[in-house]
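Pasting the sequence and the predicted model now:
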Amino acid sequence: MPPRTMPRLAFFATLLLPAVATGQPARNGNVWDGTAHQPGATGVEDSQRRAGVAPSDAQARQEEQDLDRIGRQLNDRAAQDAAAVPESKSNAYGVRPGGEIPITQPPKTTPPQR
C-alpha cells in the first residue's frame, strides 16, 4: 500500500465511524429516515378530531377572524410607521430619491500669497 493511502483511509474511517457506531438514522432538518417528524396543520387537526378536542366550527371561524384582525392591525401600524419616517434627501451613498447623484466640487482655495 502506498504511504499516502494510509492517512486517507484513516480520515475516511473517522468520518464513517460515528454513523456506523451509533446506528442513528440520517437526518435532514425535521426529516429522519425519510419521515417528517414535525406535524403539519392537517395532521394536527386530524389528531385533535380523533382525540375529541378539536375546536368547534364557531371557534375556528372566531380564530380566523381574530388572526385576520391582528394581521390588519399590524399592516396598518407598519404603514403608519413608514409614513412617520421623514423623507431623506439622500441615502447613505449620496443618491437623492430621484436618482440624481450629487456632484460635489472641491473647495476653492486661493494660492498662498508670498
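Perfect, thanks for sending it. Numbers count the residues shown, from 1 in each chain.

For the helix or strand harbouring residue 83, buried residues please.
For residue 83, the host element (DSSP states H and E) is helix 57-84. Buried residues in helix 57-84, counted by 16 or more other Cβ atoms under 10 Å: none are found. No exception for glycine: its C-beta is placed from N, CA and C like everyone else's.

Could you pull up the mean pLDDT of that helix?
Regarding helix 57-84, the rounded mean pLDDT is 92.

did I read that right, residue 109 in a strand?
No: using DSSP: H, G, I helix; E, B strand; the rest coil, the assignment for residue 109 is coil, not a strand.

Please shift the residue numbers so they start at 44 in all later answers.
That works, and once the first residue is 44, the last one we named lands at residue 152.

number of nearby residues for it?
Residue 152 has 6 neighbours, counted by other Cβ atoms under 10 Å.

Also the one 4 residues further on?
Taking other Cβ under 10 Å as the criterion, the count of residues near residue 156 is 4.

How about the secondary structure of it?
coil.

By mean pLDDT, flag the weakest helix or strand of this structure.
strand 70-71 (a mean of 60; mean pLDDT, DSSP states H and E).

Show the low-confidence segments of this protein, by residue range.
44-49, 52, 55-56, 58-77, 129-151, 157 (pLDDT under 70).
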